[in-house]
Each structure stands twice: as C-alpha cells, then as structure tokens.
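K.L.:
Just a sequence and a predicted model for now, questions to come.
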Amino acid sequence: MRAVLCKEFSTPPKLKVDNIDVPTLGKGEVRIEVHACGINFADVLIVQGKYQTKPPLPFVPGGEVAGVVSEIAPDVTNVELGQRVLGMSSQGGFAEEVVVDAQRVLGIPDVMDFKAGASFAVTYGTSHLALDHRAHLTSGETLLVLGASGGVGLTAVEIGKAMGATVIGAASTGEKLKIVQDHGADHLINYVEDDLRKCVKEIVGGIDVVYDPVGGEPFLQALRCMNWEGRIIVIGFASGTIQKIPANYLLLKNCAAVGAYWGPYMDKKPEVLLRSLSTLIDWFEAGRLAPHISASYPLAKADAALALLYERKATGKVVLTTRD
C-alpha cells in the first residue's frame, strides 16, 4: 500500500510517499480502508522530533482517519464490516490502510463525509474535553479563544457557543477573524494589531475561561484579564514559546491554570473521551457543528499540507486524501 513515511526528523518537515507492507491485524483490532486523514499540529511536531513522544524511524505519521471497515478481528463486536467510521491511532494514518484498536473506532453518520470525519475527533474532542471536563464552562460565562482560526481554535468557538458562552475569538489577521466570525464568535480581537487586555476590558470587562493553544505572550495577556475564579486552559504552544506562569496572578483572583492533553484519555479514562465524542457527533447531526476544512491534498503532497500548519497559514483543518 502507499503511505507517507518520515525517514528523518527535520525542520521544516520532510516526508516521502512509498510503498510499504500492509499492517497485520491483531486481536481486538480493525482494518480501515482510509479515505481521508486529518493533520494536526502534533503531527508537525512529531515529524520534527519535537513532540512529547518520538517514534523510531522510519514511521508513518497520522493519528486520525475516516474510511470504511474492511476487516475485523474475531473478538471485535462494536463495529461491522463495511461500516463508515472514524479511527484514532497513535500513528499510521497517512496511508491507504490502517489498523486501529477497535475501542478507538466510532461509526459516523451518513451526513458526515470522510473529510469531515477525519477532521473531527482530535480537534473537536480536544476542545470539548477542555471546556466541559477540565474547565467546566457553564452557560452565561465568557470564553476567550486564542488562535481562534486554527484547527482546535475554531472548534472551541463552536463548542463554546453550543455550551451557551459569550465567545471572544482572537486571531492574528483580519482574514482569519472573518472565519472566526462565520463560526459564531460574538466578538473579535486582532491580538497583533490591538492590545488584547484593553480590548477584553472594553468588550466584556473580564474573562471566565481562556482557551489557549498558542502560548507565549498572548497567554500572559489573557491571564491578566481573568475574572474571579477564572480558568485558563493550556492546550499547546503554537507560538513556539512555553511561557512561565506568574503564580501571583492565580492567587490574587483565585484563578486556575489547567492542562488539557486529549490523547492520554483513551488509555487513562476512555469513558470520558468516548462520551465526549458521542455528544459531539450528536451535535454534528443536529447541525450545531460545522468542520471548516481549508485545504485538502493527496498523499503525494503531504509535505505541502504539513507546511500550511508549520508556517501557521492554515485555518481550520487540513486533510490528506487517498483517492487522488
């Protein structure tokens, strides 16, 4: 089968499409004929050797796919042959076929196409887990989303609105902010051209929950805008800067800084993750969520696809397709 291989850790990323053996099917596993695979910022870090985990070379990147079940192990009962599904794996997704633990496979409704399915689990899952399970966002609260036009940022905007929050979307350009507005943000801030803290004070006075996949200076500015008992969620560091948190800010307003690392939940608390994804699929079917896919590339152009995220040019989601 064709697959995208990472044969060396490199900045910027360098990938190659090659023919490799199809993966073998083991106990409790499902083989998926991949139609689309989602790209996440974590993939960009992994192929540079900058992620929390560093797989041995060579390897096939990609942690989320959508496609059709083509084979199941005898002990698998939660999916069926021919079923349309999304799958979540630690790697191996950038390929024509992938083998995934059956517990990491969910059926998708007919109204969800494969590109949307491959764009769903990680970004929407991360944002719902962060806002619901970690920050306990409630209806009527104010939510500030940094990096609001990115893959996880846009989903945080949509989910925040679905949960009844007043949502402020912050991004770096007017073009990106237009997309944020189209996905339901109540207020917009260009944090490159304008003073983030001043704008927040003028718009709502203070923030109950901050969703931050950016890190660096925007995080520190947002921390100074917090309401009493506010929560700031650490999602990632797309800016490249891992900030130090001034603990006195947390103390003065009884604030909390919490991490939201989605991946380990499948091993540590799978019931939390699967319950979250089930809720999100219901919201999608009800028309409350609309994945924004800004670009789609064939496997052969994986480098160009990852470059959009590496160079921070992507809005929403970028996907690879196997049916060129």
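P.N.:
All right, it came through fine. From a predicted model like this one, the values you see are computed outputs, not experimental measurements.

K.L.:
Which residue lies nearest the spatial centre of this protein?
P.N.:
Residue closest to the mean C-alpha point of the chain, counted by CA atoms, centre = their mean, is Thr123 at 2.4 Å.

K.L.:
ok, residues contacting the host helix or strand of that one?
P.N.:
Assigned by DSSP states H and E, Thr123 belongs to helix 121-128. With CB atoms under 8 Å, 6 or more residues apart in numbering as the test, helix 121-128 has contacts from 38, 40, 42, 63-64, 86, 88, 106, 151-152, 154-156, 158-159, 211, 235, 260, 262, 273, 276-277, 279-280, 289, 291, 317. (Each C-beta comes from the backbone N, C-alpha and C, glycine too.)

K.L.:
For it, what does the pLDDT average out to?
P.N.:
Across helix 121-128, pLDDT averages out at 94.

K.L.:
for the longest strand belonging to the chain, the distance to its chain's centre please.
P.N.:
Identified as the longest strand of the chain according to DSSP state E is strand 29-39. Relative to its parent chain, strand 29-39 has a centroid offset of 17 Å by CA atoms, centre = their mean, to the nearest Å.

K.L.:
go on, stretch 278-292?
P.N.:
Worked out by CA atoms, centre = their mean, stretch 278-292 lies 15 Å from the chain centre.

K.L.:
one step back: what inclination does the helix holding Thr123 have with respect to strand 29-39?
P.N.:
70 degrees (axes from the mean of the first three to the mean of the last three CA atoms, to 10 degrees).

K.L.:
Who are the packing partners of the helix or strand following helix 121-128?
P.N.:
Next along the chain after helix 121-128, taking DSSP H and E as the criterion, comes strand 142-145. Contacts defined by 3 or more CB pairs under 8 Å, 6 or more residues apart in numbering; DSSP states H and E place strand 142-145 against helix 151-162, strand 166-171, strand 207-212.

K.L.:
Skip the chain neighbours and tell me the closest residue to Asp208.
P.N.:
Glu141 (3.9 Å; CB to CB, 6 or more residues apart in numbering).

K.L.:
how close does that neighbour sit to Met226?
P.N.:
12 Å (CB to CB, to the nearest Å).

K.L.:
can you tell me the helix or strand for Leu309?
P.N.:
Using DSSP H and E, Leu309 falls in helix 302-310.

K.L.:
I'd like the next helix or strand past that helix.
P.N.:
Immediately after helix 302-310, counting by DSSP H and E, sits strand 317-321.

K.L.:
Report the inter-axis angle for that next one versus helix 302-310.
P.N.:
Using the same axes, to 10 degrees: strand 317-321 against helix 302-310 is 170 degrees.

K.L.:
Using CSV, write out the CA atom coordinates for strand 317-321.
P.N.:
Extracted as CSV, the C-alpha positions of strand 317-321 are listed here (Å, rounded to 0.1, in the frame of the first residue of the first chain):
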residue,chain,number,x,y,z
LYS,A,317,-8.4,21.8,9.3
VAL,A,318,-6.1,20.4,6.6
VAL,A,319,-6.6,16.8,5.4
LEU,A,320,-4.9,14.3,3.2
THR,A,321,-7.0,12.0,0.8
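
K.L.:
ok now do Leu320, which residues does it touch?
P.N.:
Here Leu320 is in contact with 4, 36-37, 39, 62, 94, 296-299, 302, 305 (criterion: CB under 8 Å, 6+ apart).

K.L.:
Now tabulate these in CSV and tack on neighbour count and pLDDT.
P.N.:
CSV is the format used below for the contacts of Leu320 (neighbours: other CB atoms under 10 Å; pLDDT from 0 to 100):
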residue, neighbour count, pLDDT
Val4, 28, 96
Ala36, 24, 97
Cys37, 34, 96
Ile39, 29, 94
Gly62, 26, 94
Phe94, 31, 97
Ser296, 16, 94
Tyr297, 18, 95
Pro298, 15, 96
Leu299, 21, 94
Ala302, 26, 94
Ala305, 26, 94
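
K.L.:
So what would you say the end-to-end distance of stretch 232-239 is?
P.N.:
17 Å (CA to CA, to the nearest Å).

K.L.:
Contacts made by that stretch with the rest, please.
P.N.:
So stretch 232-239 is contacted by 41, 126, 130-131, 134-135, 147, 150, 152, 209-219, 222-223, 226, 255-260, 312 (CB under 8 Å, 6+ apart).

K.L.:
For stretch 266-275, which residues meet the burial criterion?
P.N.:
266, 273-274 (16 or more other CB atoms under 10 Å).

K.L.:
Please apply the same query to stretch 10-30.
P.N.:
13, 15, 17, 23, 29-30.

K.L.:
What distance do you get for Asp186 to Lys161?
P.N.:
The value you get for Asp186 to Lys161, if CB to CB is used, is 8 Å.

K.L.:
What pLDDT does the model give Asn248?
P.N.:
92.

K.L.:
That should have said Leu320, apologies.
P.N.:
96.

K.L.:
Many thanks, we can stop here.
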